[in-house]
Structures are given as structure tokens and as C-alpha cells.
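> Fold the following.
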Amino acid sequence: MTHSPHRLRSKAISWAAKFAEMQEEQTGRPEEGFYTTVEWAEKIHRSTPQASRLLRTAIADGAAEMRMYKVQVGRWKRPIPHYRLIQPARSKRGCFGTAS
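You can find the predicted model right below:
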């Protein structure tokens, strides 16, 4: 049976992109400054859903970044998102408002 020319087919899968994405997932201990949502919730004294919402907003605003790290959970390694705040760039102007 042939497909109808009017019926939409599923999108082509870019396997190279999928493998590149999987390869980007880090294994082992996260870098300094990267914490899970639960760890952030404990650090800022908020609930986990509220911390998750704040982290998503920070990522959308460019104030945080997310990386996936494979963490040992029981017998399996699972990809867990870890977040880090991005430090704002220092201004080249002096503290007295004089241009350099």
C-alpha cells in the first residue's frame, strides 16, 4: 500500500543530531557550581516545584545554564539536569561612573 501524497508523514530524524546530544551528556561528578533542582530548593529554602519554576525562568532569561549529567540511581545511571547560575559580566566602567 502506498502513502497518500496528501497525508503528512513524520518528520525526518536527524540521527547525527541525536547522537551528538547524547554524547554531550556528561558522566561522573558535575562541575563546580552545578546543582540539581532538589539541591537548589534546599539552598534557597523553597519547595522543589517553586525552585524548578525559578530555574526555568532563569534559563529563559539567560541568567542560568543547564547541563545533563548521568547520576547513579540505584542500579542505573540516569540523566539528571543540573543548573548553574551565570555570573554577570563586570562593567569596564569604574565605580565612580567615569568612562575608561
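> For the protein, which residues score under the pLDDT cut-off?
1-12, 20-28, 88-100 (pLDDT under 70).
> which residues in it form helices?
With DSSP state H as the criterion, the chain has helices at 15-24, 37-44, 48-61.
> who touches the longest one?
Under the contact criterion Cβ atoms under 8 Å, 6 or more residues apart in numbering, helix 48-61 has outside partners 37-38, 40-41, 44, 46, 64-66, 83, 85. Just so you know, the C-beta spots here come from the backbone N, C-alpha and C atoms, and that holds for glycine as well.
> From those residues, keep the buried residues only.
Buried subset of the contacts of helix 48-61 (neighbour count, 16 or more other Cβ atoms under 10 Å): 37, 40-41, 64, 83.
> Output those residues as JSON lines; include the columns distance to Phe19.
Converted to JSON lines, the buried ones among the contacts of helix 48-61 look like this (distance: Cβ to Cβ, whole Å):
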{"residue": "Thr37", "distance to Phe19": "27"}
{"residue": "Trp40", "distance to Phe19": "30"}
{"residue": "Ala41", "distance to Phe19": "33"}
{"residue": "Ala64", "distance to Phe19": "26"}
{"residue": "Tyr83", "distance to Phe19": "24"}
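> which pair in those spans the largest distance?
Pairwise distances across the buried ones among the contacts of helix 48-61 peak at 14.2 Å for Ala41 and Ala64 (criterion: Cβ to Cβ).
> out of the contacts of helix 48-61, who's nearest Ala16?
Of the contacts of helix 48-61, the one sitting nearest to Ala16 (Cβ to Cβ) turns out to be Met66, at 22.2 Å.
> The helices of the chain: which one's closest to Lys70?
Closest to Lys70 of these is helix 15-24 (Cβ to Cβ; 10.3 Å).
> follow-up on the earlier one: will you turn the helices of the chain into a markdown table that also has distance to Trp76?
Below are the helices of the chain laid out as a markdown table (distance: least, Cβ to Cβ, whole Å):
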| stretch | distance to Trp76 |
| --- | --- |
| helix 15-24 | 16 |
| helix 37-44 | 18 |
| helix 48-61 | 21 |
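> Those: which one's closest to Pro30?
That would be helix 37-44 among the helices of the chain, by Cβ to Cβ, at 9.8 Å.
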